[in-house]
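Novice: after the sequence you'll find the predicted model.
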Amino acid sequence: MSSRRRIALAAAVLLALIVFAAGGSLIWAMHANLGPFAARLASARLHRPVSAGELRVGWNGGITVMLRDLRVDNLEGGSGPVMVGLRQLDAVVEPRSILSGPLVVRSVAVDGVNLLLERVTGDAANWKFGPPRPKPASPPDLAAFPTVLDAAVHDFAFTFRTSSGAILDAKAASFALRTPARDQPIEVVADGSYNGTPMHVEGNFQSFDRLRLVPQPFGTSVQIKSGDAVAEFKGTMTDPLNFDGVTGPVYLNVPFLSDLQDAIGFSIDANLPVSLAGTLTKTGDDWDLPDGNGLIDEDAFTLSGHMKEGPHGQADDVKFSAVFDRLDLNLLTDAGAKRPKGTKAPRNVRSASIPLYVDDKPLTLLDANVNVKQLIYGRFNASDVALRAKLVPKRISLDNLSLLYAGARAVVSGAAEQKGPMAQVDVTANLSGGDLRTLLRSVGVSPVPIGGGFAAQAVSTMTGDDLVRAMRGAHTSALVTMTSGSLDTNIVEMISLNARRLFRKPTGASGISCMLGVVDMNGLAGRLRPLRIRTSDGTLAGVGSFDLQKKWLDLTVGSLSSTTDFFALDIPISISGSLDNPHVRPAGKSTARDHLFSGDELGGLPPAQQAAARANRCLSGR
């Protein structure tokens, strides 16, 4: 046998051995349980214990993959021992795509998935495996992203535990993805729940071929339904896997806002319809809604907002501006709620205790700017309302709350700051520009014997860990002044004990040249000192104390004899006892009069109020 023939024969034998070995390996692989081998490989790659009960590869018109009982352990110190649990997976892969790429999965069926994401001891994220790696490119290269023609998932549970301990819970009873081919649109349908609220999701996307072309815009249309509530997005994304490079119109329509209280994570009593439409954009950490507009019940509003996601461990920064034509706060309560006939509003359970705490590390920083043309709450009807408020670490500030009510302009500002275990709240309010008689009538006081332009100032400070208890111990000082106006003559003669009242009923009004009233309160108890009203028919004064919780008062009023006419007896009057049925009697002429017009105690007032009081003609004597 020639050497050439021997070489050819040896090559043929070697090729036969290789083919036999390869075929034998393939036959072994198609019958062997690869689960333990794959688990060891995954454990080494993920630096986390991984187990797989069964992994088999076979052939049935395509390469079949069967996986059973996959488990990826959680980090030590996690809320549960398992991060990923999968009961079963069956898939069929197009053979030619393994060599030519991208991979084509003809079908995949998954049943029984549990996924837990959280940060554990040392603030480590359990979804990050092994040593730190460089941040991946954004957007990622998706040229080799596989095509999935048909996917079905059942019994999927996802839990995300935030760094604050809040739990976001999503479940999918069913999830289906289908597309005829890699160059055809993708359809997605899912049914499940979010934080216990049922959800139905439908999505339509451009093809897998288009997905591999990112960062070119990838067309996306998603609709989420919960009962009659609908949320929609139709737009594009340049990084779909990271929900980035987003732009497009969004639409939200919620017939009953309270139906979504579990989904949004806090209690809402309002059973009213809300709708919102606008253009949503997201680039990196920045979210924008520059042109939002919608309706609350039947009242229109506009909304613009920006959110910047904070780095890990830091708060998100939210800024928004809203303008309402009309805002009826009665609709935010059960009394003003609207529901279909035959349905009942949910019962509200409120605690009498309202925690008073300002977080030193809030999850969200807030800068809110709200304007309302007409604001309604109960019988309160205000206009031209402007609010500016901020939330930062350890401080909530009301920079400005301005509104027009009954012709008077109210301006309020304040702040709450954390002082150790307690929070301190400081509030300043000013009211001016209206007529006192008009204002009092608007709140149900009638008849009103006094009228005219007035100004009022109030300063309140409270400290506590509970709002109700803090208000009971609050210190409040208030100052009311007038420089002109009128007081019913009947009141002047009644306080001065004018004898002419025995023979006729006084009519008309006495002109007011000045008025000063000072109230100093601790909790619901306080004192009135001084009260001075200078009229064309006499100067009146009042001092006293009261307790609104115990519902009693002890008040002395009287007139200055040098300012009244000959028929006035000028004997001070004592009004004391229960607010419902006080005792009225002479107070004793000399001592009571001295008490009424003695030196005024303004030391408890803030400096600005002291200056305003001393400048008033009723106190200065001008």
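Specialist: That came in fine, so what should we check first? Quick caveat, the model's predicted, so the values are computed rather than measured.
Novice: just how off-centre is the longest strand seen in the chain within its chain?
Specialist: In the chain, taking DSSP state E as the definition, the longest strand is strand 104-120. In terms of CA atoms, centre = their mean, to the nearest Å, the centre of strand 104-120 is set 32 Å apart from its chain centre.
Novice: give me the buried positions along that strand.
Specialist: The neighbour-count check on strand 104-120 (16 or more other CB atoms under 10 Å) flags 104-108, 110, 113-119 as buried. For glycine as for every other residue, the C-beta is placed from the backbone atoms N, C-alpha and C.
Novice: partner strands of it and their direction?
Specialist: Strand 104-120 pairs in its sheet with strand 82-93 (antiparallel), strand 124-125 (antiparallel), strand 147-148 (parallel), strand 150-161 (parallel), by DSSP bridges.
Novice: got the CA coordinates for it in PDB?
Specialist: The C-alpha coordinates for strand 104-120 follow below in PDB (Å, rounded to 0.1, in the frame of the first residue of the first chain):
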ATOM      1  CA  VAL A 104     -34.300  32.900  16.900                       C
ATOM      2  CA  VAL A 105     -36.500  31.300  19.600                       C
ATOM      3  CA  ARG A 106     -39.600  29.800  18.000                       C
ATOM      4  CA  SER A 107     -41.500  29.400  21.300                       C
ATOM      5  CA  VAL A 108     -40.900  29.600  25.000                       C
ATOM      6  CA  ALA A 109     -43.300  28.700  27.800                       C
ATOM      7  CA  VAL A 110     -42.500  29.600  31.400                       C
ATOM      8  CA  ASP A 111     -44.500  28.700  34.500                       C
ATOM      9  CA  GLY A 112     -43.900  29.700  38.100                       C
ATOM     10  CA  VAL A 113     -41.400  32.500  38.400                       C
ATOM     11  CA  ASN A 114     -40.600  34.400  41.600                       C
ATOM     12  CA  LEU A 115     -38.200  37.400  41.500                       C
ATOM     13  CA  LEU A 116     -37.100  39.400  44.500                       C
ATOM     14  CA  LEU A 117     -35.100  42.600  44.100                       C
ATOM     15  CA  GLU A 118     -33.800  44.400  47.200                       C
ATOM     16  CA  ARG A 119     -30.900  46.000  48.900                       C
ATOM     17  CA  VAL A 120     -29.500  44.100  51.800                       C
END
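Novice: any weak-confidence spans in the stretch 51-200 of the chain?
Specialist: Scanning the stretch 51-200 of the chain with the threshold set as pLDDT under 70 gives 122-123, 133, 135-139, 163-165.
Novice: sorry, slip of the keys, the one I care about is the stretch 201-350 of the chain.
Specialist: Along the stretch 201-350 of the chain, the model assigns pLDDT under 70 to residues 260-270, 332-350.
Novice: show me where it has helices.
Specialist: For the stretch 201-350 of the chain, the helices defined by DSSP state H, counting those that start in this stretch cover 208-211, 261-264.
Novice: what do you get for the stretch 451-600 of the chain?
Specialist: 467-472, 489-495, 589-596.
Novice: which residue is the nearest non-sequential neighbour of residue 542?
Specialist: With sequence-adjacent residues excluded and distances taken as CB to CB, 6 or more residues apart in numbering, residue 542 is closest to residue 531, at 3.7 Å.
Novice: for the one you found, list each beta-bridge partner.
Specialist: Beta-bridge partners of residue 531, counted by DSSP bridges, are residue 517, residue 542.
Novice: that one: neighbour count?
Specialist: 20 (other CB atoms under 10 Å).
Novice: can you check residue 181 too?
Specialist: Neighbours of residue 181 using other CB under 10 Å come to 12.
Novice: in a helix, it, correct?
Specialist: No - when classified by DSSP: H, G, I helix; E, B strand; the rest coil, residue 181 is found to be coil rather than part of a helix.
Novice: beta-bridge partners for residue 223, please?
Specialist: Counting by DSSP bridges, residue 223 is bridged to residue 202, residue 232.
Novice: list the contacts of it.
Specialist: Applying CB atoms under 8 Å, 6 or more residues apart in numbering to residue 223 gives the contacts 201, 202, 203, 230, 231, 232.
Novice: narrow those residues to just the buried residues.
Specialist: Judged by 16+ other CB under 10 Å, buried ones among those: 201, 203, 230, 231, 232.
Novice: so which residues of the stretch 351-500 of the chain form strands?
Specialist: 364-377, 380-392, 395-405, 408-419, 422-435, 450-451, 453-464, 475-482, 485-488 (DSSP state E, counting those that start in this stretch).
Novice: so what touches the fourth one?
Specialist: Around strand 408-419, the neighbours that count as contacts under CB under 8 Å, 6+ apart are 356-360, 394-404, 423-435, 438-439, 463.
Novice: buried subset of these, written for PyMOL?
Specialist: To isolate the buried ones among the contacts of strand 408-419 in PyMOL, judged by 16+ other CB under 10 Å, type:
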select buried, resi 356+358+359+395+396+397+398+401+402+403+423+424+425+427+428+429+430+431+434+435+439+463
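Novice: ok, back up a step: check what pLDDT the residue nearest to residue 542 gets.
Specialist: Per-residue pLDDT puts residue 531 at 89.
Novice: can you start the count at 205 instead of 1 from here on
Specialist: From this message on, residue numbering opens at 205, which makes the last subject residue 735.
Novice: circling back: among the contacts of residue 427, which pair sits farthest apart?
Specialist: Within the contacts of residue 427, 407 and 434 form the most distant pair, 13.9 Å apart (CB to CB).
Novice: residues in contact with residue 363?
Specialist: Taking CB under 8 Å, 6+ apart, we find residue 363 in contact with 318, 319, 320, 321, 322, 371, 372, 373, 374.
Novice: rewinding a little: please identify the most buried of the strands paired with strand 308-324.
Specialist: Of all those, strand 351-352 has the most neighbours on average by mean count of other CB atoms under 10 Å, namely a mean of 20.
Novice: give me the contact list for that one.
Specialist: 301, 306, 307, 308, 309, 312, 381, 383, 386, 412.
Novice: and those, which are buried?
Specialist: Neighbour-count burial (16+ other CB under 10 Å) applied to the contacts of strand 351-352 gives 301, 308, 309, 312, 381, 383, 386, 412.
Novice: rebuild the strands paired with strand 308-324 as TSV, extending it with distance to residue 401.
Specialist: TSV is the format used below for these (distance: least, CB to CB, whole Å):
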stretch	distance to residue 401
strand 286-297	24
strand 328-329	27
strand 351-352	28
strand 354-365	14
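Novice: is residue 655 in a bridge, and if so with what?
Specialist: residue 690.
Novice: before we move on, the earlier item: just send the strands of the stretch 555-704 of the chain back as a markdown table, with mean pLDDT and distance to residue 759 too.
Specialist: Below are these laid out as a markdown table (pLDDT from 0 to 100; distance: least, CB to CB, whole Å):
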| stretch | mean pLDDT | distance to residue 759 |
| --- | --- | --- |
| strand 568-581 | 94 | 32 |
| strand 584-596 | 95 | 28 |
| strand 599-609 | 95 | 28 |
| strand 612-623 | 94 | 26 |
| strand 626-639 | 92 | 23 |
| strand 654-655 | 92 | 16 |
| strand 657-668 | 93 | 20 |
| strand 679-686 | 92 | 16 |
| strand 689-692 | 94 | 17 |
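Novice: which one of the ones you listed lies closest to residue 713?
Specialist: strand 689-692 (4.0 Å).
Novice: run the chain-centre distance for the closest one.
Specialist: That offset, for strand 689-692, works out to 47 Å (CA atoms, centre = their mean).
Novice: quick one: contacts of that strand?
Specialist: 640, 653-658, 710, 712-716, 719, 737, 739.
Novice: again, only this time at 10 Å
Specialist: Applying CB atoms under 10 Å, 6 or more residues apart in numbering, the contact partners of strand 689-692 are 639-641, 651-658, 698-699, 710-719, 737-742, 744.
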